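Trainee: what's the 3D shape of this:
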Amino acid sequence: MINPVLRREVKTALRMRKTFYSIALYVLVLALVTSIALYIFSNNSSYYRTFDPQATIILYFMLSGFQLGIIFLIVPVLTGSSISGERERQTMDLMLITKLSHIAIVVGKLLSSLVIVLLMLAASMPVYAILFYYGGVSLLDLGLMMLLILANAAFIGSLSIFLSAAFKKSTLAVVVSYILILVFTIGTFVLAILFNWVHGLNAPANVNSNWLVGYVLLLFNPIVSFFSMVDFQSGASTTESMMRSVIYGTDLPSYVKYTWFIGMCINMVSAGLFILAAARKINPIRKHPARKVL
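Mentor: Numbers count the residues shown, from 1 in each chain. Next up, the predicted model:
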C-alpha cells in the first residue's frame, strides 16, 4: 500500500500547474545550455560542421553538475516546510492522531519531495539522449550519476525535514538548511585544511593519521563525491589532485577512486538517522527517564 502522506502530497503537487511549469522551465534551460555548448564545441573551420566526441563527455559532466546544483537549491524549499508548514496550518495534530507511525509520516514527506526530483530527472532524459547520439556516454554511467544525485537529494531532504521538525517556522528551517549545505560543501574543505595545518602535516609521523581525518571530513562533501564519480567514469584523477592540494596526502590508498560510493553510503546512513531524529521530534509523547520519588 502507498504511504497515505506520500499519496496526498503527490496528488496535491501534480494538480498544481506551477509544478509542470517549473519542470518545463527546467528542461528548457537544460536544452538551451546543451544547444549553446554543442555550438561552442563544434568546429566551424571547414565547410561541413564537425564535432569532437570528447566534448560530449565534458558536456555530460556539465549537465550532471548543473542538475546537482539545482537539487541543492530546490530540495530545501520542498522539504523545509514539510513539518513546520503543518504546524503553521494547524493540521499537525490531525496527522498525529491517525494510525500512521511517526516514521511513516516523515518518510512520506521525504518521498513526496523525491518524487518531484525524479520527475525532474526523468524530464531531463531527452536532453541526455542528444549526448547518446554523439556517443561517449553509456547507460550505466548515466544510471550511476542519477543514483548519486538521488542520494544527495535524500540526504539534503532528510536534513531539511529534521530542521522543519525542530523549528516552528518554515523560513528558519529553509535558511538553516542552506547554511548547512554551505557547511558540507565549503566548510568541510576549510576544516580539512585547518586541521592539517594545526597538526602540522610536515611531520612524517603524523601524515597518515592527519590524512585519514581530512579524508573522512571530505567524505561528507557532495562536491568531492561528484568529482570522484567524474574520475570513475572518465579515468581522470581530479579527486586525487584535489585531496593532495587540500589535505596534502602523499600516499593515497587505492580506495580513493571509490570515494563516490563511500559518500553515497554515508548519505543514505545519514538520511536514515535524520529520519529517525525527525520522527522523534514530532512525537508528542517522548520517553523520559524515570525520576525517583523521595
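Trainee: buried residues in the helix or strand hosting residue 178?
Mentor: For residue 178, the host element (DSSP states H and E) is helix 170-182. Under the neighbour-count criterion of 16 or more other C-beta atoms under 10 Å, helix 170-182 has 170, 173-174, 176-178, 180-181 buried. C-betas here are computed from N, CA, C, even on glycine.
Trainee: for stretch 230-245, same thing?
Mentor: Buried residues in stretch 230-245, counting neighbours by 16+ other C-beta under 10 Å, are found at 230-234, 239-240, 242-243.
Trainee: coming back round to it: can you list the buried residues of helix 170-182 in TSV and add pLDDT and distance to residue 77?
Mentor: TSV is the format used below for those (pLDDT from 0 to 100; distance: C-beta to C-beta, whole Å):
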residue	pLDDT	distance to residue 77
170	87	9
173	91	10
174	92	6
176	93	13
177	93	9
178	94	9
180	93	14
181	93	12
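Trainee: ok, residue 54 - how many residues close by?
Mentor: 12 (other C-beta atoms under 10 Å).
Trainee: Without its sequence neighbours, what residue ends up closest to it?
Mentor: residue 136 (7.1 Å; C-beta to C-beta, 6 or more residues apart in numbering).
Trainee: Per-residue pLDDT of the one you found, please?
Mentor: Looking at residue 136, its pLDDT is 73.
Trainee: got the contact list for residue 222?
Mentor: Listed by C-beta atoms under 8 Å, 6 or more residues apart in numbering, the contact partners of residue 222 are 68, 72, 152, 155, 184-185, 263, 267.
Trainee: Residue 163 contacts residue 170, correct?
Mentor: No - contact criterion C-beta atoms under 8 Å: residue 163 and residue 170 do not qualify, at 9.8 Å.
Trainee: coming back round to it: heading C-terminal from the helix holding residue 178, find the next helix or strand.
Mentor: Immediately after helix 170-182, counting by DSSP H and E, sits helix 188-199.
Trainee: what comes up buried for the helix ranked longest in the chain?
Mentor: When the chain is parsed with DSSP state H, its longest helix is helix 139-166. By neighbour count on 16+ other C-beta under 10 Å, the buried set for helix 139-166 is 141-142, 144-146, 148-166.
Trainee: okay, the angle between it and helix 170-182?
Mentor: 130 degrees (axes from the mean of the first three to the mean of the last three C-alpha atoms, to 10 degrees).
Trainee: what's the neighbour count on residue 70?
Mentor: Residue 70 has 17 nearby residues by other C-beta under 10 Å.
Trainee: Low-confidence stretches in the stretch 1-150 of the chain?
Mentor: Residue ranges of the stretch 1-150 of the chain with pLDDT under 70: 1, 43-53.
Trainee: where do the contact lists of residue 163 and residue 170 overlap?
Mentor: With C-beta under 8 Å, 6+ apart, residue 163 and residue 170 have common neighbours residue 80.
Trainee: related to what we said a few turns ago, identify the farthest-apart pair in the contacts of residue 222.
Mentor: Farthest apart among these by C-beta to C-beta are 72 and 263. That separation is 14.8 Å.
Trainee: Tell me which of those two has more neighbours.
Mentor: residue 263 (25 against 19).
Trainee: correct me, but the more buried one touches residue 228?
Mentor: Yes - using C-beta under 8 Å, residue 263 is in contact with residue 228, at 7.0 Å.
Trainee: you'd agree residue 196 is up against residue 214?
Mentor: Yes - counting by C-beta under 8 Å, residue 214 is a contact partner of residue 196 at 5.5 Å.
Trainee: For those two, indicate the residue with more neighbours.
Mentor: More crowded of residue 196 and residue 214, by other C-beta under 10 Å: residue 214, with 25 against 22.
Trainee: tell me which element the more buried one is part of?
Mentor: Counting by DSSP H and E, residue 214 is part of helix 207-219.
Trainee: Check the contact between residue 59 and residue 36; I expect there is one.
Mentor: No - Residue 59 is beyond contact range of residue 36, at 10.2 Å (criterion: C-beta under 8 Å).
Trainee: what ranges do the helices span in the chain?
Mentor: So, for the chain - with DSSP H - the helices run 4-14, 17-41, 54-79, 84-88, 92-96, 102-123, 125-134, 139-166, 170-182, 188-199, 207-219, 222-234, 238-247, 259-281.
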